[in-house]
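> Here is a sequence together with a model predicted from it:
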Amino acid sequence: MANTPSDLQQYGVPFYGAGWVPYNHVRSKLTSQEKIEEDNKEDKDPTQFKDDEISTSQNYVVLAGGGGEGRSGIPNALVVSHVDFASNSLSDQPVVMLRTGSDLPYRMTVHPLGDGIICALQQSCRLFEWEEREGNEVHKLSVKVSEKVLTQLEDVGQQLALTFNSEGSELAVGGEDGSLRVFKWPSMEIILNEAQAHSSVKDLNFSCDGKFLVSLGGGLCRIWGVTASKVVASLAKENDEIFAFCRFSQINDKNPLLYIAAVTDHGGSILTWNTTTWKRMCSNRVVREAISAFNVSADGKFLAVGTVGGDLFIINSSNMRVQVMVKKAHLGLVTALTFSHDSRALISASLDSSVRVTLIKDKTKSGGISWLIVFIVLLAIAVYFMKEKGIIP
């Protein structure tokens, strides 16, 4: 008997990180150059159909977590799951589960152009690469430990924040010891090395143009000029605020924004900053509980907030109003949130070993269509009565 599709699955691993697989880039890297050239000869524009196929059926997420070093029986692993947008569901079993032994992948970042996944283990960072399994399986995507050793990130202690810039050309890493390092990728040439950027680095994010890097930790928020490799601004907290997460708006327009999710005595707030003047623009309290996870959609339209109580909120960035709310989306605190590349869906993960997919509907568009239908119906009724009264022939 087939399992009923579900938007919530349990995979037996407490999760700390999650990211969407850039499947089109991964597939391109796994396909030989000769095959690509052959396809190009057969069809002048082969990518249109394939991209459509990818967007509807080849959607995957990768998650990282585990039970740690103890003998709890809970595995440490990378887990890949398939997402079906049509049924709003996750695969009932992982597409692949790669166990990492006694090493807990506590933090992770996915290379945006398909170069793999970097995980922060207890003392070092490790690169994992995508591969394709042979055989008749429906899902051939798999993952393996890379032969490439990240020498510059060996024996550096626990890293708490990892992120690539949008082009995948730079990697930022922040440590529990407060160190901040930025490398060119894939050469791993270091371009910023600050031993005491914070007392401990909690979160990092590149601006969409790659010019700035924001870092959080120890109650401080600093903006770094990547090219100059120095601090260009420091953002101050107010009253009882505790800066928890930071994300630049991913809309590449003239005035991108910086969002900081803050925890206060009264709940969770989102602070908005101008990225030209580095002045605070506004502060909006969005949830009553403490924020445990935060992210921004690729198109900049939505903000996602997860709470310590397991609730999930998707917020419209234009008016800071809740567009989607899922109470008790998870039994445990939400640890990771990640939007799909087309901003159609949100993956949330939790320490309770659960993963949820939430589809996002554009209320503005649906609302506009509804009012149009109502208007047409009312107009038809008015015309009918006017004809009945002889007002119009």
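Great, that's in hand.

> Find the centremost residue of this protein, please.
With distances taken as C-alpha atoms, centre = their mean, Thr338 lies nearest the centre of the chain, 2.6 Å away.

> which residues does that one bridge with?
In this entry, Thr338 is beta-bridged to Ile347, by DSSP bridges.

> Surely it and Leu63 touch.
No - look at Thr338 against Leu63 with C-beta atoms under 8 Å: they stay out of range, at 9.4 Å. Glycine gets a C-beta too; all of them are placed from N, C-alpha and C.

> Need the overlap of contacts for these two.
Applying C-beta atoms under 8 Å, 6 or more residues apart in numbering, one finds that Thr338 and Leu63 are jointly contacted by Ala18.

> Provide the strand pairings for the host helix or strand of Val143, with the direction of each partner.
Element membership for Val143, per DSSP states H and E: strand 141-145. Applying DSSP bridges, strand 141-145 is found paired with strand 125-132 (antiparallel).

> which outside residues touch the partner strand?
With contact meaning C-beta under 8 Å, 6+ apart, strand 125-132 is reached by 21, 26, 29-30, 78, 98, 103, 105, 114-119, 140-146, 148-150, 153-154, 156, 159, 162, 173.

> Could you list which of those residues belong to strands?
Taking DSSP state E as the definition of strands, the contacts of strand 125-132 contribute 78, 98, 117-119, 141-145, 159, 162, 173.

> out of those, who has the most neighbours?
When the ones in strands among the contacts of strand 125-132 are compared by neighbour count (other C-beta atoms under 10 Å), Cys119 ends up highest, at 27 neighbours.

> ok, the closest residue to that one other than its chain neighbours to Gly17 distance?
In space, not counting the residues next to it along the chain, Cys119 is nearest to Pro105; the distance is 3.8 Å by C-beta to C-beta, 6 or more residues apart in numbering. Distance of Pro105 to Gly17, computed by C-beta to C-beta, to the nearest Å: 7 Å.

> Distance of the residue nearest to Cys119 relative to Leu312?
23 Å.

> same deal with Ala161?
Applying C-beta to C-beta, the value for Ala161 to Leu312 is 22 Å.

> How about His266?
Between His266 and Leu312 the computed distance is 20 Å (C-beta to C-beta).

> okay, the two: which has more neighbours?
Comparing His266 with Leu312 by other C-beta under 10 Å, the one with more neighbours is Leu312, at 23 against 10.

> I figured that one hits Thr358, correct?
Yes - assessed by C-beta under 8 Å, Leu312 is found in contact with Thr358 at 6.7 Å.

> tell me, what's touching the two both at once?
With contacts taken as C-beta under 8 Å, 6+ apart, Leu312 and Thr358 have Val324, Val326, Ala329, Leu346, Ser348 as neighbours in common.

> can you tell me how far the third one sits from Lys230?
Same thing as Ala329. Noted for Ala329: a distance of 41 Å to Lys230, by C-beta to C-beta.

> Tell me which of these two has more neighbours.
Ala329 (21 against 10).

> Need the nearest residue in space to the more buried one, chain neighbours excluded.
With C-beta to C-beta, 6+ apart, the residue lying closest to Ala329 is Leu312, at 3.9 Å.

> ok, what's across the strand from the one you found?
Applying DSSP bridges to Leu312, the residues it is bridged with are Gly306, Val326.

> now Leu192
Beta-bridge partners recorded for Leu192 (DSSP bridges): Val182.

> mind listing what it touches?
Counting by C-beta under 8 Å, 6+ apart, Leu192 makes contact with Ala172, Leu180, Arg181, Val182, Leu213, Trp224, Val226, Ser229.

> For the shared contacts of Leu312 and Thr358, which two are the farthest from each other?
Maximum pairwise distance among the shared contacts of Leu312 and Thr358 (C-beta to C-beta): 11.2 Å, between Val324 and Ser348.

> list residues touching both of those two?
By C-beta under 8 Å, 6+ apart, Val324 and Ser348 have these common neighbours: Leu312, Thr358.

> What residues sit buried inside stretch 219-239?
Leu220, Cys221, Arg222, Ile223, Trp224, Val226, Ala233, Leu235, Lys237 (16 or more other C-beta atoms under 10 Å).

> Equivalent analysis for stretch 188-206, please.
Using 16+ other C-beta under 10 Å as the burial criterion, the residues of stretch 188-206 that qualify are Leu192, Glu194, Ala197, His198, Ser200, Val201, Lys202, Asp203, Leu204, Asn205, Phe206.
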